[in-house]
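A.B. asks: below is the sequence, then the predicted model.
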Amino acid sequence: MRLALGFYRFFLERGGFLVFLALAAFAWAKGLYVLSAAVLAGLAASWALSWRATTLKAVYCNIEGQRLTHISIRGSSISLRYGNSAFSVKGYGNALAAFECTSRKAPELIDAVYKFVEPKLLDADLRGACIYAYLVGPNKDMDLYICEGGVDIGLSLRGACPVIMAAPRILEDLGATIIKRTYSGAIFASAFFKRSEDAVRFITSLADFCKPGKACEGLTARECLALYRLLFS
C-alpha cells in the first residue's frame, strides 16, 4: 500500500496533477461546476494524503521489496525514490544514513564533499553496485563514483578557492590531475583513490586550501600562495 502511494506521489510530482486540472477545466467549460470543484478537491485531498503517508520517519533500504534507488537533496528538502515511488525524509543525518544502503563507507565521504561544495542540490543514483553522486554548488561542482574498487572524483572550480585558482599545481600535489583550464578561469580536475579514507583526506586537504584558516588569516590570496610555496617547496 505504501509503495502504491509512493507511486501516486511520483506520478503527481512528474506532472500527473495536470490530468486532474485538465478534467476540472473540461467540466467547468461544460458547465459542470460541482464536478469541477469535486475533481479539484479530490486532487488536493489525495495529494495531502499521499504526501503524509510517504513522509518517512526513518530511512529504509527497501520498501515492500523495492530497494532505494535515488537520493535528491535540494536545500532542506530530501527526496528518496524506490523504483518509481517517491518518498521524503527529514534531517541531513537521515540522508547520510540512506547512503549506507549501498556502501558503509559512503556517508563519511559524502559528508566531507557536502561540506566542501556547500551544494544547492545533490542528486545520487544508487542503482547497481556503485553510487553516482552529483553536487552543484554556487562556485564549485563535484561528481563522485563510489565503488568497492575505489572512488573516482570529478571537480570543477569556478572562482572558488583563490589560492588554488592562482596555483592549480596544488591540486596535483594533493593527488588530482588537471584536465583543463578554461578562458574564464574555471578549473576541471579529476582524482582516483582506491580507499575512501584517502578520498576523504583529499577533500579535507582541498577544503583547507579553500578555507585556509589561521595559517592564512589576514593574508591576501597572493600572500597565502607565497606561504604555501614556502611550506611545500
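C.D. replies: Looks like it arrived, so ask away.

A.B. asks: can we go C-alpha only for contacts and neighbour counts from here?
C.D. replies: Noted.

A.B. asks: before we move on, what SS does A129 have?
C.D. replies: coil (DSSP: H, G, I helix; E, B strand; the rest coil).

A.B. asks: ok, the closest residue to E148 other than its chain neighbours to F7 distance?
C.D. replies: With sequence-adjacent residues excluded and distances taken as Cα to Cα, 6 or more residues apart in numbering, E148 is closest to C130, at 7.4 Å. C130 is 25 Å from F7, where distance means Cα to Cα, to the nearest Å.

A.B. asks: and the residue nearest to E148, backbone torsions?
C.D. replies: phi -120, psi 160 (degrees, to the nearest 10).

A.B. asks: what's around it, how many residues?
C.D. replies: By other Cα atoms under 10 Å, 18 other residues sit near C130.

A.B. asks: again, but for I73
C.D. replies: Neighbour number of I73 under other Cα under 10 Å is 19.

A.B. asks: just A226 next, same as before
C.D. replies: Neighbours of A226 (other Cα under 10 Å): 12.

A.B. asks: pLDDT value on it, please?
C.D. replies: A226 is assigned 76 on the pLDDT scale.

A.B. asks: mind telling me what element it is part of?
C.D. replies: Taking DSSP states H and E as the criterion, A226 maps to helix 221-232.

A.B. asks: D152 now?
C.D. replies: strand 150-157.

A.B. asks: now do the helix or strand containing F192: which elements does it pack against?
C.D. replies: Under the criterion of DSSP H and E, F192 resides in strand 187-193. Identification of packing neighbours for strand 187-193 by 3 or more Cα pairs under 8 Å, 6 or more residues apart in numbering; DSSP states H and E yields strand 150-157, strand 177-181.

A.B. asks: having no further points to raise, I will conclude here.
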